[in-house]
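Engineer: fold the following and give me the result.
(one chain, ligands or ions: 2)
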Amino acid sequence: MTGELFGQDDPPQTARLALAEGALLLRGHAVASQDRLLAAIEQVALAAPFRNMVTPGGRAMSVAMTNCGCAGWVTDRRGYRYDPLDPETGRPWPEMPGCFADLATDAARDAGYPGFRPDACLINRYAPGARMGLHQDRDERDLAQPIVSVSLGLPAMFQFGGRRRNDPVAKYPLLHGDVLVWGGPSRLNHHGILTLRDGVHPKTGALRLNLTFRHAL
Ligand code: SIN
Ligand code: FE2
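Structural biologist: Ligands and ions are numbered 1, 2, ... in the order given. Next comes the predicted model:
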C-alpha cells in the first residue's frame, strides 16, 4: 500500500472554524462516537450495499453510495431525487441508526440549528482517486434545514464556494471525526471533494467515509 499512514495518535483537534455565515466546522466532534458510527455503517451496507450510481448524463460516479433513513438520495438516467425505496433491492432503505441521528442533531444544535431531525442520510465512500465535483445540495424540500456532514477515515480536501457556481472557492482539509454544518445563508453554497489521495487510516483502511444528513421530505 502506498501513501501516508494516518495515526490514531494524532492529537484530537477540537477547534471550531466558521467557513462562512451559517457554516461551521466542528473539528473532532465525531471522534467520541467513531466506533459506533463505523459499526453502524457496516450494518447499513449489509442491507443496502454501496454502489456507484449513474448521473443523468450517463457517467458512473467515482464515489460509492448508500443511504439510510426514510428516503435516500439517488441518481440515474432519469435525474436526481429522494426515493423511499432502494432501487437496487426494491426495499425501504435501512432505518437511520440512533447514533447517526443523535450526532447530527447534537452537531446542528452546537452550530446554531436547534431542532434538526434528519430523515435522510447519504453515505459516501471514497477510495483513492474518487472525487465529488462542485455542486449544490438542493433536492431537499425544506431548505431552511441545514446539512450536517461527518468525515471518517482518510483526510480529504473540501471545496466550499458560494451560491453562484463561479463564486470563489476556499479549500479546507476534512479529517477523521470532523463534522461540518452548513445552513441559513450558506445552505445553497457550492461544495465538492478533490480527488482523494492514497493513504491508510487505522479505522477505515484505504477509504474515506462521509455521512451527509439532510431533512429531505
Ligand atoms: C456531499 O456533498 O454529499 C459529500 C461531501 C463530502 O464527502 O464531504
Ligand atoms: Fe453535497
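
Engineer: the closest residue to ligand 1 within the chain: what's it in contact with?
Structural biologist: Proximity of the chain to ligand 1 (CB to the nearest ligand atom) peaks at Asn210, 3.5 Å away. Bear in mind the C-beta positions are built from the backbone N, C-alpha and C, glycine included. Counting by CB atoms under 8 Å, 6 or more residues apart in numbering, Asn210 touches Ile123, Asn124, Arg125, Tyr126, Ser149, Val150, Ser151, Leu152, Ala156, Ile193.

Engineer: give me that answer again for 7 Å
Structural biologist: Asn124, Ser149, Val150, Ser151 (CB atoms under 7 Å, 6 or more residues apart in numbering).

Engineer: filter the residues you listed down to the ones close to ligand 1.
Structural biologist: Asn124, Ser149, Ser151 (CB under 6 Å from any ligand atom).

Engineer: just the ones of those in strands?
Structural biologist: If you go by DSSP state E, the ones next to ligand 1 among the contacts of Asn210 have Asn124, Ser149, Ser151 in strands.

Engineer: circling back to that earlier point, mind putting the contacts of Asn210 into CSV with pLDDT and neighbour count?
Structural biologist: Shown next, in CSV, are the contacts of Asn210 (pLDDT from 0 to 100; neighbours: other CB atoms under 10 Å):
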residue, pLDDT, neighbour count
Asn124, 98, 22
Ser149, 98, 24
Val150, 98, 28
Ser151, 98, 25
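
Engineer: what comes into contact with the helix or strand harbouring Asp102?
Structural biologist: Using DSSP states H and E, the secondary-structure element containing Asp102 is helix 98-110. For helix 98-110, contacts defined as CB under 7 Å, 6+ apart pick out 26, 29-30, 33, 36-37, 40, 116-118, 121, 146, 148, 150, 179, 181, 211, 213.

Engineer: which of those residues fall in helices?
Structural biologist: Counted as lying in helices by DSSP state H, out of those, are Arg36, Leu37, Ala40.

Engineer: up against ligand 1, what does the chain have?
Structural biologist: Within reach of ligand 1 by CB under 6 Å from any ligand atom, the chain has these residues: Leu122, Asn124, Met132, Ser149, Ser151, Phe158, Leu174, His191, Ile193, Asn210, Thr212.

Engineer: so which bits of stretch 185-201 are buried?
Structural biologist: The neighbour-count check on stretch 185-201 (16 or more other CB atoms under 10 Å) flags Ser186, Arg187, Asn189, His190, His191, Gly192, Ile193, Leu196, Gly199, Val200, His201 as buried.

Engineer: same check on stretch 100-108?
Structural biologist: Buried residues in stretch 100-108, counted by 16+ other CB under 10 Å: Phe100, Ala101, Leu103, Ala104, Thr105, Asp106, Ala107, Ala108.

Engineer: again with stretch 210-217
Structural biologist: For stretch 210-217, burial by neighbour count (16+ other CB under 10 Å) applies to Asn210, Leu211, Thr212, Phe213, Arg214, His215, Ala216.

Engineer: tabulate those residues (TSV), appending pLDDT.
Structural biologist: Formatted as TSV, these follow (pLDDT from 0 to 100):
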residue	pLDDT
Asn210	98
Leu211	98
Thr212	98
Phe213	98
Arg214	97
His215	96
Ala216	96
